[in-house]
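Visitor: Sequence and computational prediction follow.
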Amino acid sequence: DIQMTQSPASLSASVGETVTITCRASENIYSYLAWYQQKQGKSPQLLVYIAKTLAEGVPSRFSGSGSGTHFSLKINSLQPEDFGSYYCQHHFGTWTFGGGTKLEIK
Amino acid sequence: QVQLQQPGAELVRPGASVKLSCKASGYTFTSYWVNWVEQRPDQGLEWIGRIDPYDSETHYNQKFKDKAILTLDKSSSTAYMQLSSLTSEDSAVYYCARSNYDYPWFAYWGQGTLVTVSA
């Protein structure tokens, strides 16, 4: 089975900073990767699909990149509403999620 | 608008079973798979499986093959997940989410059902 490994597991940053979260697949998943944001007590929300396509309504400060086994989600100029948890997902086959990254306010 | 409605919470005794529901509206029910995802307290997301309302075909994460059974009622556009032989390890929030072959990512999610297994 394909394994998805995210790093870091947690991240502390300030409003206005730029952060990058990475996701590694155990084998080639081409561009079948999505990113989700989850706020405490809420359902996950789709941010990016097919590795780099922003979902409807997602601010342009979010960007996804990568293909094959290495992927990243970059958030430029962090806003207060960006803090929460982020998950990558292989969106094909077994829909495996990464372990998550908790983004906290410094 | 697309909606996936789930009950907020279920309290279940250890050893018992529970049947969770996910009622779809705002789209053609048979055009999208219904996926189920587990999230244990302060943990990440884990895909349990999916069911295709078109032909009721199911696919499971091997980890949940003996724990979850996915079914549906086309007449009410509702998908169900039955969890059996519940233990405290099954206490979690269970989400439903839709996808299909052309749109395999999870753009729409239910609000989740919190299952608490306790005597």
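Guide: Happy to help now that I have it. Residues are numbered from 1 along each chain as shown, chains lettered A, B, ... in the order given.

Visitor: Return the residues of chain B in contact with chain A.
Guide: When proximity is defined as Cβ under 8 Å from any Cβ of the partner chain, chain B approaches chain A at B:35, B:37, B:44-47, B:50, B:61-62, B:95, B:99, B:104-107, B:109-112. (Each C-beta comes from the backbone N, C-alpha and C, glycine too.)

Visitor: which residues does the residue nearest the centre of chain A form a beta bridge with?
Guide: Centroid-nearest residue in chain A, with Cα atoms, centre = their mean: A:Trp35, separated by 3.9 Å. Counting by DSSP bridges, A:Trp35 forms beta bridges with A:Val48, A:Cys88.

Visitor: residues touching it, list them.
Guide: Residues counted as contacts of A:Trp35 (Cβ atoms under 8 Å, 6 or more residues apart in numbering or on different chains) are A:23, A:46-48, A:62, A:64, A:73, A:86-89.

Visitor: From A:Leu78, how far off is it?
Guide: To A:Leu78, A:Trp35 is 15 Å away according to Cβ to Cβ, to the nearest Å.

Visitor: same check, this time on A:Thr18
Guide: 7 Å.

Visitor: Please say which of those two ends up with more neighbours.
Guide: When A:Thr18 and A:Leu78 are compared for neighbours, A:Leu78 comes out ahead with 19 against 11, by other Cβ atoms under 10 Å in any protein chain shown.

Visitor: Just to check, that one is in contact with A:Thr20?
Guide: No - if you go by Cβ atoms under 8 Å, A:Leu78 and A:Thr20 don't touch, sitting 11.5 Å apart.

Visitor: Get me the contact residues on chain A for chain B.
Guide: A:1, A:32, A:34, A:36, A:38, A:43-46, A:49-50, A:55, A:87, A:89, A:91-92, A:94-100.

Visitor: picking that back up, going by distance to B:Pro14, which of the contacts of A:Trp35 wins?
Guide: Nearest to B:Pro14 among the contacts of A:Trp35, counting by Cβ to Cβ, is A:Tyr87 at 29.5 Å.

Visitor: ok, now which ones touch that closest one?
Guide: A:6, A:35-36, A:38, A:44, A:97-98, A:100-101, B:44-45.

Visitor: Mind giving me the PyMOL command for buried ones among the residues you listed?
Guide: In PyMOL, this line selects whichever of the contacts of A:Tyr87 come out buried by 16 or more other Cβ atoms under 10 Å in any protein chain shown:
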select buried, (chain A and resi 6+35+36+38+44+97+98+100+101) or (chain B and resi 44+45)
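
Visitor: What is the nearest of the contacts of A:Tyr87 to A:Glu27?
Guide: After measuring the contacts of A:Tyr87 against A:Glu27 - Cβ to Cβ - the closest member comes out as A:Gly98, at 14.4 Å.

Visitor: Return the distance of the closest one relative to A:Gly64.
Guide: A:Gly98 is 13 Å from A:Gly64, by Cβ to Cβ.

Visitor: Can you tell me the closest non-neighbouring residue to residue 69?
Guide: In the absence of a named chain, this looks at chain A. A:Ala25 (4.6 Å; Cβ to Cβ, 6 or more residues apart in numbering or on different chains).

Visitor: wrong chain, I was asking about chain B
Guide: With Cβ to Cβ, 6+ apart, the residue lying closest to B:Ile69 is B:Gln82, at 4.5 Å.
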